[in-house]
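>>> The following comprises the amino acid sequence and a computationally predicted model.
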Amino acid sequence: MATGTQRAPGDRRIILNAFTMNCVSHIQQGLWVRDDTRQREYTSLDPWLELARICEAGCFDAIFLADVVGLYDTYGGSADTSLREGMQVPVNDPMLLIPAMATVTEHLGFAFTSSVLAAHPFIFARQISTLDHLTGGRVAWNVVTSYLQNAAQSLGFDRLPKHDERYERAEDYMEVCYKLWEGSWADDAVLADTERRVYVDPAGVRPINHAGPYYSVAGPHLSEPSPQRTPVIFQAGSSDRGRDFAAKHAECVFVVAASRGLTRIAADIRARTRAAGRDPADVKIIAGLSPVVGGTEAEAKAKHEDYLESLSLEAGLAHLSGNLNVDLSHIDPDQPLETFNTEGVRGPVKSLLDSAPPGTRTFGDLVKLNMAGQFLVGSPEQIADGMARRLDQGVDGFNLVYATTPGTFVDFIEGVVPVLAERGLVQREYQPGTLRDKLFGRSRLPESHFGSTFRSLAG
């Protein structure tokens, strides 16, 4: 019989997302060479359609598609390692997968990542509206500001704008999008009156005439209102500025942290949300988690060790170098952690060393743990116990990181989901409506959200 935290029906449930990327190797670098994964087939539709069907059968809330527009070229001063290892390059557009996956599902949501540096907001707003129409309101946008120099240089910038300036640009970008999605078209603008031959009442469509520090957009929006108008907003910034941005805009905040830090992070995000004049219940905290499920604990541990042996340390170092903007090619991965003089290394590396879990022996061990995400290893009951503990720490759901695809998700759905369902921790069937309906019980942004203030433009 399942054990652990029990919840009555109707209590807060766990949100489940499959975390993936339209590339060869996403987070757990090097596992693409295995025979039990479909990562090398990322350029064809079949594995994506299979994954969508699997996730909907497991009553997942969404597939969360990560993305990066740039090369990880900090490690060793070039992108050679990234290219050899297929480390988030080559990478295809995540947005274009969504209509295909939507055709084989009815309820599953689709969150995708797009940087405010990558596309003009006038064009991007139309793309979002198109996706929201085609999916019946099942789209979410993970807002990012980019962090790779190569991305900025490839997008027409001399160099990557400074951290806070990227968020200022994002603020202007969001305002343009809200004005287009929420304010440019009145709810009753579309008449589709065949007798009078009037599809749109011109009086119900307004230009936005936005003049901001980064964007000038006349409008109006080119798309008629979609089911959600504004997509569900995800955000993953961990800095103070990033969390303030999340408190103002995000409906789901993706956090990657050790279990011991989740309570503090969740409380901080909710406090900032309250200070921004919003109900903290309007923001869901989504933690990253790498489940390794076995029929028994011993079986799961053996699988875990097999994955660790298959990981590529060099690819992990290249990934981490890009994330930290520090070249780690000169650090010996076999160097014991206790021999590091933390006063003599750069801040991001010091923070990484300070976060090392107890028992971590070498820098290579630490890189493997960082690369693999927050591993949770065990039987279905043990995995469910660990997730329930995190729920009690203030987390609302999980982005599940795969080791093999779709195997990790199949193992989780077949083993863990029935245990969670028995405990009342996950949905057994979908609620009707849009993705926002399913997550929050409403299709539109709430009145307290900043984006809703622009509805008055439409009259």
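That came in fine, so what should we check first? Residues are numbered from 1 along each chain as shown.
>>> Please count neighbours and contacts with C-alpha atoms only from this point.
OK.
>>> which element follows the helix or strand of the chain with the lowest mean pLDDT toward the C-terminus?
None of the helices or strands of the chain scores lower by mean pLDDT, DSSP states H and E than helix 347-354, at a mean of 70. Following helix 347-354 in sequence order, the next helix or strand is helix 363-372 (DSSP states H and E).
>>> Disregarding flanking residues, what is the spatial nearest neighbour of residue 175?
In space, and not counting its chain neighbours, residue 175 is closest to residue 451: 7.4 Å by C-alpha to C-alpha, 6 or more residues apart in numbering.
>>> Validate this expectation: that neighbour resides in a helix.
Yes. Using DSSP: H, G, I helix; E, B strand; the rest coil, the secondary structure at residue 451 is a helix.
>>> check contacts around it.
Residue 451 is in contact with 175, 178, 179, 182, 249, 445, counting by C-alpha atoms under 8 Å, 6 or more residues apart in numbering.
>>> what about it, distance to residue 227?
Going from residue 451 to residue 227 by C-alpha to C-alpha, to the nearest Å gives 16 Å.
>>> what's the following helix or strand after the strand ranked longest in the chain?
Ranked by residue count and defined by DSSP state E, the top strand of the chain is strand 284-293. Next helix or strand after strand 284-293 toward the C-terminus (DSSP H and E): helix 297-310.
>>> May I have that following helix exported as PDB, CA atoms only?
Taking Å, rounded to 0.1, in the frame of the first residue of the first chain, the C-alpha atoms of helix 297-310 are listed here in PDB:
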ATOM      1  CA  GLU A 297      15.100   0.900  -4.400                       C
ATOM      2  CA  ALA A 298      18.000  -1.300  -5.400                       C
ATOM      3  CA  GLU A 299      16.900  -1.500  -9.000                       C
ATOM      4  CA  ALA A 300      16.500   2.300  -9.100                       C
ATOM      5  CA  LYS A 301      20.000   2.800  -7.600                       C
ATOM      6  CA  ALA A 302      21.500   0.500 -10.200                       C
ATOM      7  CA  LYS A 303      19.800   2.500 -13.000                       C
ATOM      8  CA  HIS A 304      21.100   5.700 -11.400                       C
ATOM      9  CA  GLU A 305      24.700   4.500 -11.400                       C
ATOM     10  CA  ASP A 306      24.300   3.400 -15.000                       C
ATOM     11  CA  TYR A 307      23.200   6.900 -16.000                       C
ATOM     12  CA  LEU A 308      26.100   8.500 -14.100                       C
ATOM     13  CA  GLU A 309      28.600   6.300 -15.800                       C
ATOM     14  CA  SER A 310      27.100   7.300 -19.200                       C
END
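>>> who does it touch, helix- and strand-wise?
Applying 3 or more C-alpha pairs under 8 Å, 6 or more residues apart in numbering; DSSP states H and E, we find helix 297-310 packed against strand 284-293, strand 375-378.
>>> Kindly reformat the ones you listed as TSV containing mean neighbour count.
Formatted as TSV, those follow (neighbours: other C-alpha atoms under 10 Å):
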stretch	mean neighbour count
strand 284-293	25
strand 375-378	21
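>>> got CSV for the ones you listed, with distance to residue 18 and mean pLDDT too?
CSV is the format used below for the helices and strands packed on helix 297-310 (distance: least, C-alpha to C-alpha, whole Å; pLDDT from 0 to 100):
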stretch, distance to residue 18, mean pLDDT
strand 284-293, 10, 96
strand 375-378, 15, 94
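>>> nearest to residue 98, of these?
Nearest of those to residue 98, taken as C-alpha to C-alpha: strand 284-293 at 21.0 Å.
>>> Direction included, what does that closest one pair up with?
Sheet pairing of strand 284-293 (DSSP bridges) gives strand 252-255 (parallel), strand 375-378 (parallel), strand 397-401 (parallel).
>>> I'd like to check the angle between the last one and helix 363-372, please.
So the one you mean is strand 397-401. Strand 397-401 and helix 363-372 meet at an angle of 120 degrees, taking axes from the mean of the first three to the mean of the last three C-alpha atoms, to 10 degrees as the criterion.
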